[in-house]
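Asks: fold the following for me, if possible:
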Amino acid sequence: MGTYRIVPLTRSLAVILLLPVLSLLPLGLAAGLHPATARAAGSAALTPPPAPPPVALVLDAAIRRYGVAGSDLRFAGGAWATFPYLQKSLWHAKVVHRTDGRVLTVALTPSGKPIEYDLVAAQEQTLRNLALDRLDPDLRLVTRALAPDRRVRVAIWLSNPDTQSATAPVLARYLDLSLAPGRRPLPDCSLVRYRAFYQDCLKAKEAAYLANAAPLVDWLACQGQRVTYVCRSAPLVFAEVAVGLLGRLAMRPEVAAVYPSRQYRPELNTASPALKPDWTWSLGLSGEGVAVAVIDAERIDWADPFLAKGLTFSPAGAPGAHATAVAGAIACAHETYRGLAPGVTLLSANAGSWSDEHLVAAADWALAVGAAVFDLGFGADTGLRPQALDRFFDHLAREHGRLAVKSAGNCGGTGDTGNVTSPGLGYNPVTVGGTFDNNTGPYATDDSRYPLSSFRDPPSTHGDRSEPDLSAVAQGIHTTQTQAAFDSGGSWITPQSTPAAGTSYAAALVSGAVALYTEYRPFLAYWPELTRAVLLASAGRTTYGRCSEGRLHDQEGAGTLEVDEGMRLLARDDYALVSGYRQDFPREYPLQLSAGQRVRVALAWLNDPNWPADPSGQRLTADFDLTIYGPTGEYVAGAYTWDNNCELVEFVAPATGAYRTVISATRLDTPYEHLGLAWSIR
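Replies: Sure, this is the predicted structure:
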């Protein structure tokens, strides 16, 4: 293939660089095939070697690269990293330094020769950026046979404006606030005053997003095209554009990616007692003061007497069975079929349709009126390809500190794809699979997987991306109904004979749990990283198989939601907010354990979907690892995945004493990161 060369990632150099780059491209691309076609062909042909290099070669490479003694190193694991554009595979391994806890990385060619992984990854990114014309492969495919003047609906992701500068004048008015880097509230921060600061920042950011989109909006108008919506909370514009203009649109300097505008659908085909919230409820917690937005095409039917009336995006919109049922799983006040958090403020973010454009508009409204949790009980099987909506909810967490909870999908049945659905393909939402308690009470031995729950993971460089994050009950659900259902059947609750099912309900139950946790620790509303860590650490009930060391279960994720364990964790202060620059790692946190205790430690952080070097927004921008050391300094457990923005370890303490939890920053593309660390001790 020749030597690797690092190429600046600027479009202005694309023409100059194109000829030498073509010599490095797969044959299909060099011959003029569309990039998506060549990438697909290259991926299919690129099969990793059957066996990795020997561990001895990995350790020897680490010794030579880092100048450390071999006796100080422990092999942690490795994976084949595939580079379709370069047509290369590298064995990428992690080695733990026994003394200081650092995680060291080395890369080897299939023949066992050391190579600089970062150089290869940068070259692959360069080729990807040059080859892609910012048009989503599906968009290219569906428009290939259309006439140039035929208009199609598209979602246009732009480069992100400098929101830190935009909100600097706001910060100057709130210098008394106790803030972490990135303007997140520390636990001792006055949340009353921070909420005012947050709302003022939202207004400043909205102005920045609108100004950022203005040149594109003006250009589209000059071209006679129709802009249908400009997002207020993300660099996203929806428009109807002629097929013949798509190429010029994609090459505009402010455009990062152009996606087809998608249609979604509800994921349906109470269970609260099966999730063990009794202790939490005994504390008087109900989610009071926490706003949960139910993003849906239709309106929650406030006529149901077991739902406290909240706010509505479009009051004239038609009530819907799906929105009303999901709302009941979160907040039903029925004595028997109680939702997890009946005290929440429900926000009916009724979009009017299942188009991504209208769903984004509803989410914009929900953010502006104070939603702390965004419940997404809908999806589309996009063949595991992230879409504009995946990127939007990644952005919502990263930029605005708001957590989305997404159903994994109902594609897991026999003969179906098994694919996790969009917008659950992003990194930052909590994606929830489904289980079934067989109506035999909490945690009986006959609990099983909900048979339609989606589980197939999005592709990734190292092949170890894992979804869903966790699971909750998705079958045998009794919840609230609409006025129409009451008029025809005489009940405001789903009949015993026809219980509902679907991962929409599993997501709703997790949304309810997040509301309970946020009522108890209000600062969690602005720390989605920590909320994710609490959910992962406390989901200790595994319905159909425990997690292997450092890996989520392929179908259940971290396990099934256990509300009380998460609340106990928060009550014991068994968590930490971690913010740091690259030089601040490794970081250590002590754990005092007794022999025989079962311990789960979870670490979570957020991906940046607007990292400038990757216009697609699909590259994970940080990789942290987690190692546990025992009382005498011995290795106990570790988690070292490559392509996830969380790590989870579970172990039984072998001895009584002081343990160390070590967080290592294996890769950090961003200036600093926030992380959530949580641990469950049983």
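
Asks: and the strands in the stretch 351-500 of the chain, which stretches?
Replies: Ranges of strands within the stretch 351-500 of the chain are 373-376, 378-379, 403-407, 430-436, 448-449, 470-473, 475-477, 500-501, based on DSSP state E, counting those that start in this stretch.

Asks: what angle sits between the fourth one and strand 403-407?
Replies: Looking back up the chat, that one is strand 430-436. 40 degrees (axes from the mean of the first three to the mean of the last three CA atoms, to 10 degrees).

Asks: can you redo the strands of the stretch 351-500 of the chain as JSON lines with distance to Asp200 and mean neighbour count?
Replies: In short, each C-beta sits where N, CA and C put it, glycine included. Below are the strands of the stretch 351-500 of the chain laid out as JSON lines (distance: least, CB to CB, whole Å; neighbours: other CB atoms under 10 Å):
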{"stretch": "strand 373-376", "distance to Asp200": "21", "mean neighbour count": "30"}
{"stretch": "strand 378-379", "distance to Asp200": "32", "mean neighbour count": "28"}
{"stretch": "strand 403-407", "distance to Asp200": "21", "mean neighbour count": "31"}
{"stretch": "strand 430-436", "distance to Asp200": "28", "mean neighbour count": "30"}
{"stretch": "strand 448-449", "distance to Asp200": "46", "mean neighbour count": "16"}
{"stretch": "strand 470-473", "distance to Asp200": "35", "mean neighbour count": "30"}
{"stretch": "strand 475-477", "distance to Asp200": "40", "mean neighbour count": "23"}
{"stretch": "strand 500-501", "distance to Asp200": "41", "mean neighbour count": "23"}
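
Asks: tell me which helix or strand comes right after the helix or strand harbouring Asn212.
Replies: Under the criterion of DSSP states H and E, Asn212 resides in helix 191-222. Remark: after helix 191-222, the chain's next helix or strand is strand 226-230, criterion DSSP H and E.

Asks: direction included, what does that following strand pair up with?
Replies: strand 236-242 (antiparallel) (DSSP bridges).

Asks: avg pLDDT for the partner strand?
Replies: Mean per-residue pLDDT for strand 236-242: 97.

Asks: and the pLDDT for the closest residue to Glu650 other than its chain neighbours?
Replies: Excluding the flanking residues, the one nearest Glu650 by CB to CB, 6 or more residues apart in numbering is Arg600, at 4.8 Å. pLDDT for Arg600: 95.

Asks: repeat for the one 3 residues further on
Replies: We note a pLDDT of 98 for Leu603 in this prediction.

Asks: now it, what's its secondary structure?
Replies: strand (DSSP: H, G, I helix; E, B strand; the rest coil).

Asks: pull the number of nearby residues for Ala207.
Replies: Neighbourhood size, Ala207 [other CB atoms under 10 Å]: 13.

Asks: got it, and Asp487?
Replies: Asp487: 10 surrounding residues under other CB under 10 Å.

Asks: likewise Pro169?
Replies: Number of residues near Pro169 (other CB under 10 Å) recorded here: 10.

Asks: for it, which non-adjacent residue is spatially closest?
Replies: With CB to CB, 6+ apart as the criterion, Pro169 has its nearest non-adjacent residue at 7.3 Å, and that residue is Ala204.

Asks: now the helix or strand containing Val510, how far from the centre of its chain.
Replies: Element membership for Val510 (DSSP H and E) is helix 503-520. In terms of CA atoms, centre = their mean, to the nearest Å, the centre of helix 503-520 is found 16 Å from the chain centre.

Asks: average pLDDT across the helix or strand following it?
Replies: Counting by DSSP H and E, the next helix or strand C-terminal to helix 503-520 is helix 528-538. Mean pLDDT, helix 528-538: 97.

Asks: taking helix 503-520 as reference, get the angle to helix 528-538.
Replies: 110 degrees.

Asks: helix or strand right after helix 528-538?
Replies: Downstream of helix 528-538 (by DSSP H and E), the next one is helix 563-571.

Asks: what packs against that following helix?
Replies: For helix 563-571, the contact count by 3 or more CB pairs under 8 Å, 6 or more residues apart in numbering; DSSP states H and E identifies helix 278-282, helix 503-520, helix 528-538, strand 672-681 as packing neighbours.

Asks: hang on, the earlier thing: by contact count, what packs against the helix holding Val510?
Replies: strand 291-296, helix 321-331, strand 373-376, strand 403-407, strand 430-436, strand 470-473, helix 528-538, helix 563-571.

Asks: apply 7 Å and report the result again.
Replies: If contacts are counted by 3 or more CB pairs under 7 Å, 6 or more residues apart in numbering; DSSP states H and E, helix 503-520 sits against helix 321-331, strand 373-376, strand 403-407, strand 430-436, strand 470-473, helix 528-538, helix 563-571.

Asks: how about those in JSON lines, adding distance to Pro423?
Replies: Below are the helices and strands packed on helix 503-520 laid out as JSON lines (distance: least, CB to CB, whole Å):
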{"stretch": "helix 321-331", "distance to Pro423": "16"}
{"stretch": "strand 373-376", "distance to Pro423": "6"}
{"stretch": "strand 403-407", "distance to Pro423": "6"}
{"stretch": "strand 430-436", "distance to Pro423": "9"}
{"stretch": "strand 470-473", "distance to Pro423": "17"}
{"stretch": "helix 528-538", "distance to Pro423": "15"}
{"stretch": "helix 563-571", "distance to Pro423": "24"}
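
Asks: so which of the ones you listed is nearest Tyr174?
Replies: Of all these, helix 528-538 sits nearest to Tyr174, with 21.4 Å by CB to CB.

Asks: mind exporting the C-alpha coordinates of stretch 97-112 to CSV?
Replies: Coordinates of each C-alpha in stretch 97-112 appear next as CSV, following Å, rounded to 0.1, in the frame of the first residue of the first chain:
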residue,chain,number,x,y,z
HIS,A,97,0.9,-0.7,34.1
ARG,A,98,0.7,-2.6,37.5
THR,A,99,2.2,0.2,39.5
ASP,A,100,0.7,3.5,38.4
GLY,A,101,-2.5,2.2,36.8
ARG,A,102,-1.8,3.7,33.4
VAL,A,103,-3.3,1.9,30.4
LEU,A,104,-0.8,1.8,27.6
THR,A,105,-1.7,1.0,24.0
VAL,A,106,0.3,-0.6,21.2
ALA,A,107,-0.6,-1.5,17.6
LEU,A,108,0.8,-4.3,15.5
THR,A,109,0.5,-5.3,11.9
PRO,A,110,-0.9,-8.8,11.2
SER,A,111,2.7,-9.9,10.9
GLY,A,112,3.5,-8.6,14.4
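
Asks: which ones are touching Ala658?
Replies: Ala658 sits next to 590, 592, 631 when contact means CB atoms under 7 Å, 6 or more residues apart in numbering.

Asks: what's the most buried one of the helices and strands packed on helix 563-571?
Replies: helix 503-520 (a mean of 31; mean count of other CB atoms under 10 Å).

Asks: tell me how many other residues crowd Tyr66.
Replies: 15.

Asks: same check, this time on Ala388
Replies: Ala388: 28 surrounding residues under other CB under 10 Å.

Asks: contacting residues for it?
Replies: 155, 157, 236, 259, 356.

Asks: and the pLDDT for the last one?
Replies: Meaning Asp356. The model's pLDDT for Asp356 equals 97.

Asks: surely it touches Pro260?
Replies: No: using CB atoms under 7 Å, Asp356 is not in contact with Pro260; the gap is 9.1 Å.

Asks: higher neighbour count, these two?
Replies: Asp356 (28 against 22).

Asks: now for the more buried one: which residues touch it?
Replies: If you count contacts by CB under 7 Å, 6+ apart, Asp356 has them with 155, 261-262, 264, 388-389.
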